[in-house]
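Trainee: here you go, sequence then predicted model.
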4 protein chains.
Amino acid sequence: MTKKFTEKQIHILDVAEELIAKKGFEGTSVRDICSKAQINVAMISYYFGSKEKMMSYLYQYRVQRTREGFSEFSETIKEGRPEMQMKELIKFLIRQLFKYNYFHGFVTQELRHTEHLKDDLLAFYQLCVSKLEDVVKKGVTSGVFTNMPKAEDILTIILGSSLFVIRNKNFYELYVRDSEEAYFSNAERKVQENLLTTIFAVLGYNPQ
Amino acid sequence: MTKKFTEKQIHILDVAEELIAKKGFEGTSVRDICSKAQINVAMISYYFGSKEKMMSYLYQYRVQRTREGFSEFSETIKEGRPEMQMKELIKFLIRQLFKYNYFHGFVTQELRHTEHLKDDLLAFYQLCVSKLEDVVKKGVTSGVFTNMPKAEDILTIILGSSLFVIRNKNFYELYVRDSEEAYFSNAERKVQENLLTTIFAVLGYNPQ
Amino acid sequence: MTKKFTEKQIHILDVAEELIAKKGFEGTSVRDICSKAQINVAMISYYFGSKEKMMSYLYQYRVQRTREGFSEFSETIKEGRPEMQMKELIKFLIRQLFKYNYFHGFVTQELRHTEHLKDDLLAFYQLCVSKLEDVVKKGVTSGVFTNMPKAEDILTIILGSSLFVIRNKNFYELYVRDSEEAYFSNAERKVQENLLTTIFAVLGYNPQ
Amino acid sequence: MTKKFTEKQIHILDVAEELIAKKGFEGTSVRDICSKAQINVAMISYYFGSKEKMMSYLYQYRVQRTREGFSEFSETIKEGRPEMQMKELIKFLIRQLFKYNYFHGFVTQELRHTEHLKDDLLAFYQLCVSKLEDVVKKGVTSGVFTNMPKAEDILTIILGSSLFVIRNKNFYELYVRDSEEAYFSNAERKVQENLLTTIFAVLGYNPQ
DNA sequence: GATGAATGAGTGTTCATTCAT
DNA sequence: AATGAATGAACACTCATTCAT
């Protein structure tokens, strides 16, 4: 069952996510979060039970939202041809990763003591795998794709490459020479081009 | 130039790396490390000056070793044909990432306050980019590769996918159902297959 | 301007002063103070920011009180004859030193890293010098004093001798053989006699 | 019995005294001393048993030297008239205090846990008292001094005023505006003038 | 006789959390 | 429902000292 949050609680989670993304879970103190959120130091324990539980709620909250978004998205492409579906799927995933980059970036690193939480994310990833699988099969059947790579391999490339770019800003900005603000949007575009090219190559895309 | 370490110091660095990889830099206390390494709590300050300096030494130590390994490796493939060179290059990089997985996995996450250290890793990545570029060009010239993707895009896919598999064990082990011990070696093999297929596809490999 | 302290904070400062006077700033641990004050070890950081800042507050607190006392005192003697004023001035200064003996005794020794704090004490001393100067001049003009020693020399003798007696208990108790408790009050009386005699001699006091 | 020290040990004591005078006993680490003395960190424990015992030896060493100096000095004035003897005695004491200012300045503050050591200094002070007493009595008998103040009061004024000037540089340099280097020599001269005037006034000096 | 690597006790401080209000 | 004062545990680090060589 999904927990319902008040506006104040959501505000705390937003602030917490931002700070944790910047300085890590352990590197972010409850006082930091409360100070930035302009609330009392005791509020986090009061609302969520503990700092760690707050992290869990933050996690669940984000995963839930992402999954909901995925369902909505799925609807919008269900009529299209496989190559279009694949393209939109890739773009959608990259979009999510960049949008919730704070979250996706740190979460597996920081959620060590709350292993069970990973199940939610895992379920989401499996949803993606199964969707990718459908599209690949359909494409192969219709002859638009020549090869049938494993869906989990495709997802690995999409998630891995995107997260790498998000988290290794220093490396990638050698090739995306832009202002701090413009970096992410340009990096996202570049990754998108790269992944579209790469994955369609792997699929042996054969335009008809 | 490069600091020399005694066996004891190297032992501490190894233990530290393992723990930091598991629990993060801030999440790992000096006491944890010393307790696991069976040394006195004061040793880390004594040997390295501080916890943070220890981290720097660990970082430099690993990067230095990796770069040395890369130089040696470069020699061994310089005579081969481009497709062989590319294949070995991909395998070598994956090998390094899995070998020093603790290190590559956490380092950009944790080195927030010591930004300058990233330069070393960056230099290494650029070395890889330039090597990849050479091989791609040679392959295109000789006709064995049809396309000329950007070398940084290739590297992004290699590093990103490998690190994703290393760090998201929970996801990937759905597909690599093995004992804890066997996971990494099998995961490495699977990633290798995936990346070889993918990158050769992108290059438009045309066996002659 | 001046920081206001709660009763608890004042209690801590009192305990701290006593211990620091006995064992020095560096020789007194935060744990010592908190243990004696029956409070938590974290309270000093919590209330004052750090041990050193606590020292600053203690310092400022004492100097401020002493200066306020001096102003009040000045009022009470402004109508009298110079010899009476001088006598009361000497007695007042000795009184202050014995009253705040912990403080005056150690403060210049311990405030090495917070030199700027000395300015407050210095300002107080200068106030004393200027008051002494007025009285001496008036006495010389009225013919009750024959000589006009420098006011800073008079102050040096008063402060130096009093502090010596306060801090070299071992020496002086050879001549003031009393119980621990009675020592200071008797020592104060003896110093007072000594300094009154001495300074009036230097002034060439000529009763009329 | 007096301990004999090797040159190395004396070197350590000299360095220790200087540092302790500057930064206090607790504020000076064994490492500081050994580093400045260019010896091994273990040497202080090795030579003196412990840091505190080193302090004791330092203390005894200085007191012993001062007493020896006092005996020599006594010889040189034993033929003179009382007023000359008193003058030389005052000058000698001030001289010693400024010469060993490091030592006299801090010693009663820092020697808290080794109370027994004070006995040596006490014995020296008593020696001074008894010498002062002799001179005063002789002067009164011969009619050159009119009053007979207590010798311990005279000593208190001499020691207290000198130490105050030595230790409260910030105050006194308002009146002794000189370079850092010149301060002490000028301050010594000024204190000497002050104390000679003051004490001869108290004695009711009556030149014949 | 002298060293320097190594130690355990102790340092000031920060932490997430609790509790009386 | 919400606060902020207060806490005890834990933190990284420094200390004087020891001990094998």
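Mentor: Arrived safely. These figures come from a predicted structure and were not determined experimentally.
Trainee: could you pull out the helices for chain A?
Mentor: A:7-23, A:30-36, A:43-48, A:51-77, A:82-99, A:101-110, A:118-142, A:151-167, A:169-172, A:180-203 (DSSP state H).
Trainee: can the fifth one be found next to chain B?
Mentor: No. For helix A:82-99, no contact with chain B is found by Cβ under 8 Å from any Cβ of the partner chain; the gap never falls below 11.1 Å. Where you see a C-beta, it was placed from the backbone N, CA and C, and this is true even at glycine.
Trainee: in chain A, what spans have low per-residue confidence?
Mentor: Judged by pLDDT under 70, chain A has its weakly predicted residues at A:1-3, A:101-118, A:176-178, A:180-181.
Trainee: hmm, back to that, adding mean neighbour count and distance to DNA strand F, write the helices of chain A out as TSV.
Mentor: Putting the helices of chain A into TSV (neighbours: other Cβ atoms under 10 Å in any protein chain shown; distance: least, Cβ to the nearest atom of the strand, whole Å) gives the following:
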stretch	mean neighbour count	distance to DNA strand F
helix A:7-23	17	7
helix A:30-36	16	9
helix A:43-48	17	4
helix A:51-77	16	12
helix A:82-99	20	30
helix A:101-110	20	16
helix A:118-142	17	24
helix A:151-167	24	23
helix A:169-172	18	24
helix A:180-203	18	30
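Trainee: now distance to C:Gln9 too, for those helices, in CSV please.
Mentor: Putting these into CSV (distance: least, Cβ to Cβ, whole Å) gives the following:
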stretch, distance to C:Gln9
helix A:7-23, 31
helix A:30-36, 21
helix A:43-48, 26
helix A:51-77, 29
helix A:82-99, 49
helix A:101-110, 38
helix A:118-142, 48
helix A:151-167, 46
helix A:169-172, 46
helix A:180-203, 44
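Trainee: close to DNA strand E: what parts of chain A are there?
Mentor: Proximity of chain A to DNA strand E (Cβ under 7 Å from any atom of the strand) is limited to residues A:28-31, A:41-42, A:44-46, A:50-52.
Trainee: closest to chain D out of the helices of chain A?
Mentor: If you check each of the helices of chain A against chain D by Cβ to the nearest Cβ, helix A:30-36 wins as the nearest, at 31.6 Å.
Trainee: what packs against the closest one?
Mentor: Using 3 or more Cβ pairs under 8 Å, 6 or more residues apart in numbering or on different chains; DSSP states H and E as the contact criterion, the elements in contact with helix A:30-36 are helix A:7-23, helix A:43-48.
Trainee: and D:Gly160, which of the ones you listed is closest to it?
Mentor: Ranking the helices and strands packed on helix A:30-36 by their distance to D:Gly160 (criterion: Cβ to Cβ) puts helix A:7-23 first, at 55.8 Å.
Trainee: hmm, that closest one in reach of chain B?
Mentor: Yes. Using Cβ under 8 Å from any Cβ, we find that helix A:7-23 touches chain B at A:22-23.
Trainee: against which helices or strands is that helix packed?
Mentor: Contacts of helix A:7-23 with other secondary structure elements, assessed using 3+ Cβ pairs under 8 Å, 6+ apart, are made with helix A:30-36, helix A:43-48, helix A:51-77, helix A:101-110.
Trainee: how about the CA coordinates for it, as PDB?
Mentor: Coordinates of each C-alpha in helix A:7-23 appear next as PDB, following Å, rounded to 0.1, in the frame of the first residue of the first chain:
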ATOM      1  CA  GLU A   7       2.500  18.800   1.600                       C
ATOM      2  CA  LYS A   8       4.900  19.500   4.400                       C
ATOM      3  CA  GLN A   9       6.200  16.000   4.200                       C
ATOM      4  CA  ILE A  10       6.600  16.100   0.500                       C
ATOM      5  CA  HIS A  11       8.500  19.400   0.900                       C
ATOM      6  CA  ILE A  12      10.900  17.700   3.300                       C
ATOM      7  CA  LEU A  13      11.400  14.800   1.000                       C
ATOM      8  CA  ASP A  14      12.200  17.100  -1.900                       C
ATOM      9  CA  VAL A  15      14.800  19.000   0.100                       C
ATOM     10  CA  ALA A  16      16.200  15.800   1.500                       C
ATOM     11  CA  GLU A  17      16.600  14.300  -2.000                       C
ATOM     12  CA  GLU A  18      18.400  17.300  -3.300                       C
ATOM     13  CA  LEU A  19      20.800  17.400  -0.400                       C
ATOM     14  CA  ILE A  20      21.400  13.700  -0.400                       C
ATOM     15  CA  ALA A  21      22.100  13.700  -4.100                       C
ATOM     16  CA  LYS A  22      24.700  16.400  -3.500                       C
ATOM     17  CA  LYS A  23      26.400  15.200  -0.400                       C
END
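Trainee: quick check: the residue most central in space within chain A vs B:Phe25, distance?
Mentor: By Cα atoms, centre = their mean, chain A has its centre lying nearest to A:Leu97, at 3.3 Å. Distance from A:Leu97 to B:Phe25, counting by Cβ to Cβ, to the nearest Å: 24 Å.
Trainee: then A:Ser29?
Mentor: Computed with Cβ to Cβ, the distance linking A:Ser29 and B:Phe25 is 15 Å.
Trainee: of these two, who's got more company?
Mentor: In this view A:Ser29 and B:Phe25 are compared by other Cβ atoms under 10 Å in any protein chain shown, and B:Phe25 has more residues nearby, 23 against 13.
Trainee: what would the helices and strands packed on helix A:7-23 look like in JSON lines with distance to D:Thr6?
Mentor: As requested, the helices and strands packed on helix A:7-23 are arranged in JSON lines below (distance: least, Cβ to Cβ, whole Å):
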{"stretch": "helix A:30-36", "distance to D:Thr6": "56"}
{"stretch": "helix A:43-48", "distance to D:Thr6": "63"}
{"stretch": "helix A:51-77", "distance to D:Thr6": "60"}
{"stretch": "helix A:101-110", "distance to D:Thr6": "59"}
